[in-house]
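Provided below for reference: sequence and predicted model.
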Amino acid sequence: ASVSQLEAMANGLAIICSEDNGTAHYIRDQMNGFLIKANQMELKKAMEKYLLQPELINKHRQGSLKLIQTDFSIEKNYQKLMDIFKSH
């Protein structure tokens, strides 16, 4: 599994990711980037959205940082892991 999406999110970047990627679940479509079908036309459309609506970049950048601080924080994931251990 690729962690490049998480690395990009931790650095406050907007993400374009194919929906068939094993770690696509890190992306929330329209919140911190775009989930697209894995083809050239879909990639082109996503990139054009950023060019035509540059305010989306900042919105998605903020979304990435928010997700890293909440859903994907080390503390939250540690707690989930501990909950699994405690339940077994």
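All right, it came through fine. Numbering: from 1, shown residues only.

Show me the helices in this protein, by range?
Remark: helices assigned in the chain by DSSP state H are 4-10, 40-52, 55-69, 74-87.

Out of the ones you listed, which is closest to Gly33?
helix 55-69 (5.1 Å; Cβ to Cβ). C-betas here are computed from N, CA, C, even on glycine.

hmm, back to that, please produce JSON lines containing the helices of the chain, extended by mean neighbour count and mean pLDDT.
Formatted as JSON lines, the helices of the chain follow (neighbours: other Cβ atoms under 10 Å; pLDDT from 0 to 100):
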{"stretch": "helix 4-10", "mean neighbour count": "18", "mean pLDDT": "93"}
{"stretch": "helix 40-52", "mean neighbour count": "12", "mean pLDDT": "98"}
{"stretch": "helix 55-69", "mean neighbour count": "17", "mean pLDDT": "97"}
{"stretch": "helix 74-87", "mean neighbour count": "9", "mean pLDDT": "91"}
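
Looking at those helices, spot the one closest to Gln30.
Once the helices of the chain are compared by Cβ to Cβ, helix 55-69 is nearest, at 8.1 Å.

Now do the spatially most central residue of the chain against Lys86, distance only.
In the chain, the residue lying closest to the centroid (Cα atoms, centre = their mean) is Ile27, at 2.9 Å. Distance from Ile27 to Lys86, counting by Cβ to Cβ, to the nearest Å: 30 Å.

one step back: for the residue nearest to the residue nearest to the centre of the chain when sequence neighbours are not counted, give the beta-bridge partners.
What sits nearest to Ile27 in space, not counting adjacent residues and going by Cβ to Cβ, 6 or more residues apart in numbering, is Cys17, at 4.8 Å. Following DSSP bridges, Cys17 is listed with bridge partners Leu35.

that older thread, just so I know, which of the helices of the chain lies nearest Asn32?
helix 55-69 (3.4 Å).

ok so, going back, check contacts around the residue nearest to the centre of the chain.
5, 15, 17, 33-35 (Cβ atoms under 8 Å, 6 or more residues apart in numbering).

and which of those is nearest to Gln79?
Out of those, the member with the shortest distance to Gln79 (by Cβ to Cβ) is Gln5, at 21.9 Å.
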